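S.K.: what follows is a predicted protein model with its sequence.
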There are 2 protein chains.
Amino acid sequence: MDERAALAMIGTRLPGAGDDCAVVDGQVLTTDMLHETTDFPDGTTRYTAGWRAVGASLSDVAAMGADATAAVAVYGAPTFEADALTAFVEGASEVCEAVGAEYVGGDLDGHDEFTVATTGLGRTDEPVLRSGATVGDVVCVTGTLGRSGAGLRLFERGDDERANELFRFEPRVEAGTALSGIATAMMDSSDGLARSLHQLAGASDCGMAVETPLPIDDSVDDVADGSDERLELGAFFGEDFELVCTVPEDEVERARTATPCPLTPIGTVTEAGVTLDGESLPDRGYSH
Amino acid sequence: MDERAALAMIGTRLPGAGDDCAVVDGQVLTTDMLHETTDFPDGTTRYTAGWRAVGASLSDVAAMGADATAAVAVYGAPTFEADALTAFVEGASEVCEAVGAEYVGGDLDGHDEFTVATTGLGRTDEPVLRSGATVGDVVCVTGTLGRSGAGLRLFERGDDERANELFRFEPRVEAGTALSGIATAMMDSSDGLARSLHQLAGASDCGMAVETPLPIDDSVDDVADGSDERLELGAFFGEDFELVCTVPEDEVERARTATPCPLTPIGTVTEAGVTLDGESLPDRGYSH
């Protein structure tokens, strides 16, 4: 059974699962596991790993429109070296600080492969789910897409410094809370824009028609070999941690004003089907 | 650097760390990672793994005197098989149900080694820390010690059914909330009684003098080869998830009445040193 089928099976048993966070008693809670072979390319510093792993959970908090309260992490590694561990804790602490949350520690685990499990906690009385999109709403995305795909290419080319920078992102907590009460549906783009659109469409029982130009990051243009790779890195690669949301048409200007980062309209909610420039957009992206 | 030294180093950077849970804004939050080679002996069912892994985090919530609200888990495994995953989710859900918490899902991760990361969330306005023990307080422990050590021996002998039963424990959430406001210091016995006593003594800047007979589980008598092994499994092996706490002498009866499980006085808080029957008790136990 692949991961998506397994998640779908669990979803039938746990009605609270299926959004970026679970909602319990005014709190939102989310957890992730990242590990060396799939998530931290050669050249990723421990500082970036701490930032990115904790940031991924804070991004899930943001995707609920919640205020981020705290994060914890488990650091699993074959050995515990002071420099590496200190750098990890610094990265984890600083990404929390960037969004007004508190990094409150966690646990260590002796583990063959460098593995990080992170948990984000947030608070909201009005969580934005994936299921509220309505035909006619405008599909919007924060920031720019493709930073992580570009970062991976740069790691492959040995430009570790720039790659590490691209791998550290500011979770969109401030944008998420600004969009709470405006957005009808929201999730983060960690599985890629294409899959996010399919997931929102599935949860909301609707379609999505998006149009180019998409807000693709300049770093993608620097590394992509032609327009196909540009679209691949920008729309499919994922691991981007932007917010993808739907907003009623007459609220788009208010949403754009309220959001402290760029919020780009990229399409509209339709009855059915997910398309890019009128062509069917495949449901593929990052599988963790 | 070993795990304890690394934790101590992190403690200097994160003042909120060092108790069984971090306390943030009336919430307590804790996370753990368990994996096949060190935590789930051959014969451990996925049902038991889900119960035990989530239970370990709920035990940390209990150790703060907090009410358990929710838990999430990441299930990392090379493949996702429906039966195994269903059993895991059932175990995780049922241990939550046993303490009035909600299991709200989590994440999946393709991982070479079966690895589980769990997070527990609870709520309290009056967290019980490790640091409040005062000379003259009575040292108490809930339930019985040594179940996990006995379980491991039974797994080694192939008595998987009984071993699995011993590996599933009811987190002491009800006892923990009952002891909140009475106990001056508390933690769980997951690192073993001996190390727990040392940790409470260290955090409270005091000593602990405990006396036999300790409340050692009957299952230990069934498997232990002599009194040395009995003490080893009961006081040092750990992974037991009982609460070890200190209570003012004139509150002991109230504490015992309030606690829904046995609460056994085993000694007193002293100025310095950790002893068993007057002999120095080594600071050793389970290192994760």
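M.R.: All right, it came through fine.

S.K.: tally of neighbours for A:Glu249?
M.R.: 12 (other C-beta atoms under 10 Å in any protein chain shown). Every C-beta, even on glycine, is put in place using the N, C-alpha and C of the backbone.

S.K.: now do the contacts for it.
M.R.: A:136-138 (C-beta atoms under 8 Å, 6 or more residues apart in numbering or on different chains).

S.K.: and A:Glu81, by the same measure?
M.R.: B:Met1.

S.K.: for the one 3 residues further on, same thing?
M.R.: Contacts for A:Ala84 were tallied using C-beta under 8 Å, 6+ apart; they are A:46, A:77.

S.K.: one more: the one 5 residues further on?
M.R.: Contacts of A:Val89 were listed using C-beta under 8 Å, 6+ apart, and they are A:50, A:103, B:10, B:13-14.

S.K.: thinking again about what came up before, hmm, which of the contacts of A:Glu249 are the buried ones?
M.R.: Buried by 16 or more other C-beta atoms under 10 Å in any protein chain shown: A:137-138, out of the contacts of A:Glu249.

S.K.: closest to chain B out of the contacts of A:Glu249?
M.R.: Using C-beta to the nearest C-beta, A:Asp137 is the member of these that lies nearest chain B, at 26.9 Å.

S.K.: can you give me the pLDDT of the closest one?
M.R.: You'll see A:Asp137 listed with a pLDDT of 98.

S.K.: might one say that it is in contact with A:Leu200?
M.R.: No - the pair A:Asp137 / A:Leu200 is not scored as a contact, 10.1 Å apart, by C-beta atoms under 8 Å.

S.K.: show me the contacts for the residue lying closest to A:Asp125 once chain neighbours are set aside.
M.R.: Excluding its sequence neighbours, the residue lying closest to A:Asp125 (C-beta to C-beta, 6 or more residues apart in numbering or on different chains) is A:Gly26, at 6.0 Å. Shown in contact with A:Gly26 (C-beta under 8 Å, 6+ apart): A:123-125.

S.K.: need phi/psi at A:Gly26.
M.R.: phi 80, psi 0 (degrees, to the nearest 10).

S.K.: circling back: shared neighbours of A:Asp137 and A:Leu200, anything?
M.R.: Common neighbours of A:Asp137 and A:Leu200 (C-beta under 8 Å, 6+ apart) are A:185, A:246.

S.K.: how close does A:Gly91 sit to A:Asp42?
M.R.: Distance from A:Gly91 to A:Asp42, counting by C-beta to C-beta, to the nearest Å: 17 Å.

S.K.: quick one, which of those two is more surrounded?
M.R.: A:Gly91 (25 against 9).

S.K.: secondary structure class for the residue nearest to the more buried one when sequence neighbours are not counted?
M.R.: Using C-beta to C-beta, 6+ apart and skipping the chain neighbours, the partner closest in space to A:Gly91 is A:Gly50 (3.0 Å). With DSSP: H, G, I helix; E, B strand; the rest coil as the basis, A:Gly50 sits in helix.

S.K.: distance between the worst-scoring helix or strand of chain A on mean pLDDT and the chain's centre?
M.R.: Lowest on mean pLDDT, DSSP states H and E among the helices and strands of chain A sits helix A:3-13, with a mean of 80. Distance of helix A:3-13 from its chain centroid, counting by C-alpha atoms, centre = their mean, to the nearest Å, is 20 Å.

S.K.: need the contact partners of that helix.
M.R.: With C-beta under 8 Å, 6+ apart, helix A:3-13 has contacts from A:1, A:17-18, A:287-288, B:80, B:82, B:85-86, B:89, B:93, B:105, B:108, B:110.

S.K.: for the stretch 51-200 of chain A, what lies in contact range of chain B?
M.R.: Contact residues (C-beta under 8 Å from any C-beta of the partner chain) of the stretch 51-200 of chain A with chain B: A:69-70, A:72-74, A:76, A:79-82, A:85-86, A:89, A:93, A:102-113, A:115, A:117, A:119, A:121, A:123.

S.K.: repeat the analysis, applying 6 Å as the threshold.
M.R.: When proximity is defined as C-beta under 6 Å from any C-beta of the partner chain, the stretch 51-200 of chain A approaches chain B at A:69-70, A:72, A:74, A:76, A:80, A:82, A:85, A:89, A:102, A:104-109, A:117, A:119, A:121.

S.K.: which helix or which strand is home to the most centrally placed residue in chain A?
M.R.: For chain A, the residue sitting closest to the mean C-alpha position, by C-alpha atoms, centre = their mean, is A:Phe241 at 2.7 Å. For A:Phe241, there is no enclosing helix or strand under DSSP states H and E.

S.K.: secondary structure class for A:Thr69?
M.R.: Look at A:Thr69: counting by three-state DSSP, its state is strand.

S.K.: which regions of the stretch 151-288 of chain A lie under the pLDDT threshold?
M.R.: A:286-288 (pLDDT under 70).

S.K.: for it, which segments count as strands?
M.R.: With DSSP state E, counting those that start in this stretch as the criterion, the stretch 151-288 of chain A has strands at A:185-188, A:207-210, A:243-247, A:263-270, A:274-276, A:279-280.

S.K.: can you redo those strands as JSON lines with mean neighbour count?
M.R.: Listed next are the strands of the stretch 151-288 of chain A as JSON lines, based on neighbours: other C-beta atoms under 10 Å in any protein chain shown:
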{"stretch": "strand A:185-188", "mean neighbour count": "27"}
{"stretch": "strand A:207-210", "mean neighbour count": "22"}
{"stretch": "strand A:243-247", "mean neighbour count": "29"}
{"stretch": "strand A:263-270", "mean neighbour count": "20"}
{"stretch": "strand A:274-276", "mean neighbour count": "20"}
{"stretch": "strand A:279-280", "mean neighbour count": "8"}
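
S.K.: next, the nearest residue to A:Val61 once chain neighbours are set aside: phi, psi?
M.R.: Spatially, and ignoring its direct neighbours in sequence, A:Val61 is nearest to A:Gly122 (3.7 Å; C-beta to C-beta, 6+ apart). Per-residue torsions, A:Gly122: phi -140, psi 180 (degrees, to the nearest 10).

S.K.: need the pLDDT of A:Gly122.
M.R.: 97.

S.K.: run a quick neighbour tally on it.
M.R.: So A:Gly122, with other C-beta under 10 Å, has 31 neighbours.

S.K.: so it touches A:Ala66, yeah?
M.R.: Yes - taking contacts as C-beta atoms under 6 Å, A:Gly122 lies within contact range of A:Ala66: 3.4 Å.

S.K.: need the contact partners of the helix or strand where A:Tyr75 lies.
M.R.: Counting by DSSP H and E, the element that carries A:Tyr75 is strand A:67-77. With contacts defined as C-beta atoms under 6 Å, 6 or more residues apart in numbering or on different chains, strand A:67-77 is touched by A:54, A:57-58, A:61, A:88, A:92, A:96, A:99, A:101-104, A:106-109, A:111, A:114-123, A:173, A:177, B:24-25, B:29, B:31, B:33, B:117.

S.K.: so what are the sheet partners of that strand and their directions?
M.R.: strand A:102-110 (parallel), strand A:115-123 (antiparallel) (DSSP bridges).

S.K.: send me the helix or strand following the last one as PDB with only the CA atoms.
M.R.: Using DSSP H and E, the helix or strand that directly follows strand A:115-123 along the chain is strand A:138-142. Once non-C-alpha atoms are left out, strand A:138-142 reads as follows in PDB (Å, rounded to 0.1, in the frame of the first residue of the first chain):
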ATOM      1  CA  VAL A 138     -10.400  32.700  -6.400                       C
ATOM      2  CA  VAL A 139      -7.400  30.300  -5.900                       C
ATOM      3  CA  CYS A 140      -4.400  32.200  -4.400                       C
ATOM      4  CA  VAL A 141      -0.900  31.300  -3.400                       C
ATOM      5  CA  THR A 142       1.500  33.100  -1.000                       C
END
